[in-house]
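Trainee: One predicted model, sequence on top.
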Amino acid sequence: MRKTVPLLLLATLALSACGVRRDLKPQAGRALPVAPYGHADQPGSDDLLTTTSQERPGRNVELRTRSEPRTDDPFDLPPKG
């Protein structure tokens, strides 16, 4: 019993890692979304999965290198009650 549990977990892990990679296609009986307004061509699955910089903007965060005192927050109000 003790040897079967690790073997079962190992087999499950091995099977979950061997997925097939191929192009995405719509389900049977369904079609891709219609072409956006103003475009003549219908986007493919690769076009629908790629993101633009507006959909996923880059981060522009400057890390603080030293401690600084907090500024007063006018919206940090005590709870009512």
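Mentor: Perfect, I can see it now.
Trainee: Can you list the low-confidence ranges for this structure?
Mentor: For the chain, the stretches with pLDDT under 70 are 1, 17-21.
Trainee: Centroid-nearest residue for it?
Mentor: The C-alpha lying nearest the average C-alpha coordinate of the chain belongs to residue 56 (CA atoms, centre = their mean; 10.2 Å).
Trainee: Tell me where the protein has strands.
Mentor: Remark: strands of the chain are absent; assignment by DSSP state E.
Trainee: For it, which helix extends over the most residues?
Mentor: helix 4-16 (DSSP state H).
Trainee: one step back: can you tell me how far the residue nearest to the centre of the chain sits from residue 37?
Mentor: 23 Å (CB to CB, to the nearest Å). Where you see a C-beta, it was placed from the backbone N, CA and C, and this is true even at glycine.
Trainee: What residues does residue 35 make contact with?
Mentor: Residues near residue 35 by CB atoms under 8 Å, 6 or more residues apart in numbering: 41, 42, 43.
Trainee: Test my guess that the last one contacts residue 34.
Mentor: No - the pair residue 43 and residue 34 fails to qualify as a contact (CB atoms under 8 Å) at a distance of 9.7 Å.
Trainee: between the two, who's got more neighbours?
Mentor: Each of residue 43 and residue 34 has its neighbours counted (other CB atoms under 10 Å); residue 43 has more, 15 against 9.
Trainee: ok, now how distant is that one from residue 27?
Mentor: Taking CB to CB, one finds residue 43 at 17 Å from residue 27.
Trainee: And for residue 46?
Mentor: Distance from residue 46 to residue 27, by CB to CB: 17 Å.
Trainee: ok, now residue 52?
Mentor: 26 Å.
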